[in-house]
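A.B. asks: Sequence and predicted structure, then a few things I'm wondering about:
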Amino acid sequence: MRARSHLILITSLLVACGGPDEQERPPPSATAVAEDIAAAAADQVSVLFENDFVRVMNFTLEPGEGLPTHAGHPRVVYSLADYRLRFTEGSTTEEVAWEEGDVHWHGPDEHAVENVGTTTARFLVVARTDTRLTGESPGPDPEDAAVADPDHAEVLLDTDDVRVVRVTLAPGEAQPAHQGLPRLVYSLTSYTIRYTEPGGEPLEQSFQPGDAHWHEAGEHAVENIGATEARFAVFQFRR
């Protein structure tokens, strides 16, 4: 009888404590943070270009779709359409409407995003890596396309980290020689250009919307030698 009482007591204690399995189970953790959003949300995010200095991603979110909380490097966001997003960072949430061509900068953070509008959200993210920029820089404020040729180039964003310029060249139009910081060039239209650096052979190349390529800092000239308007965004990084 005493042995049975002991068994009942032990069983009661195990139930009260949740049993052996419950005792070994770790406490609930905070919401997991995706370190690589392109891998975590492959249906909404595609990597267009990647090197030691930048990672360029295209995001597409249908109305109601969202992205889980994920890590974000210092980055430029370029809107490719009109849309409305809910952006959540920690306990702060805000809704913002963006129009095609809008550009903004984010520092490193952990955030989640949801399309709360009625249109497809499409935007480009040009994220800086931790690798220090290389190559001989003309200085923090070079005479770039927007300074040397304001008729064909406009500044969209200018911060301590990045300077974004959009260039538009009609067929036959050209930009004179000008400086450029280390930069990512993203094509907004289909076009063919002639690109010339001092002392180098001219390079003729055709691009399609969504193409992205990298240039080190240096002087160069550009001419639209095709039959269509050349329009591209230049993301110049200062650090």
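C.D. replies: Here it is on my side, so go on.
A.B. asks: Is it correct that Leu85 is in contact with Trp98?
C.D. replies: Yes. Using C-beta atoms under 8 Å, Leu85 is in contact with Trp98, at 7.1 Å. From N, CA and C alone the C-beta is placed, and that goes for glycine too.
A.B. asks: who's more crowded, these two?
C.D. replies: Leu85 (23 against 20; other C-beta atoms under 10 Å).
A.B. asks: Please point out which parts of the helix or strand harbouring the more buried one sit buried.
C.D. replies: Using DSSP states H and E, Leu85 maps to strand 83-89. By neighbour count with 16 or more other C-beta atoms under 10 Å, strand 83-89 contains the buried residues 83-85, 87-88.
A.B. asks: got those residues as TSV, with distance to Gln44 columns?
C.D. replies: Output for those, formatted as TSV (distance: C-beta to C-beta, whole Å):
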residue	distance to Gln44
Tyr83	13
Arg84	16
Leu85	12
Phe87	15
Thr88	16
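A.B. asks: the helices in the chain, which residues?
C.D. replies: In the chain, the helices defined using DSSP state H lie at 2-17, 19-24, 37-40, 145-148.
A.B. asks: Next one: the nearest residue to Thr93 once chain neighbours are set aside from Gly117, what distance?
C.D. replies: What sits nearest to Thr93 in space, not counting adjacent residues and going by C-beta to C-beta, 6 or more residues apart in numbering, is Arg86, at 6.3 Å. Distance of Arg86 to Gly117, given as C-beta to C-beta, to the nearest Å: 9 Å.
A.B. asks: Equivalent analysis for Glu219, please.
C.D. replies: 43 Å.
A.B. asks: which of the two has more neighbours?
C.D. replies: Neighbour totals were compared for Glu219 and Gly117, and Gly117 leads with 18 against 15 (other C-beta under 10 Å).
A.B. asks: list the contacts for the residue nearest to that one when sequence neighbours are not counted?
C.D. replies: Distances taken as C-beta to C-beta, 6+ apart put Arg84 closest to Gly117, at 3.2 Å, once the chain neighbours are dropped. By C-beta atoms under 8 Å, 6 or more residues apart in numbering, the contact set of Arg84 is 95-98, 115-119, 121.
A.B. asks: Would you mind listing which of these are buried?
C.D. replies: Here, 16+ other C-beta under 10 Å leaves 98, 115-117, 121 buried among these.
A.B. asks: The residues you listed: which two are farthest apart?
C.D. replies: Comparing every pair within those by C-beta to C-beta identifies Trp98 and Val116 as the most remote, at 12.0 Å.
A.B. asks: Tell me, how many residues neighbour Ala146?
C.D. replies: With other C-beta under 10 Å as criterion, Ala146 counts 21.
A.B. asks: ok, now Thr92?
C.D. replies: 8.
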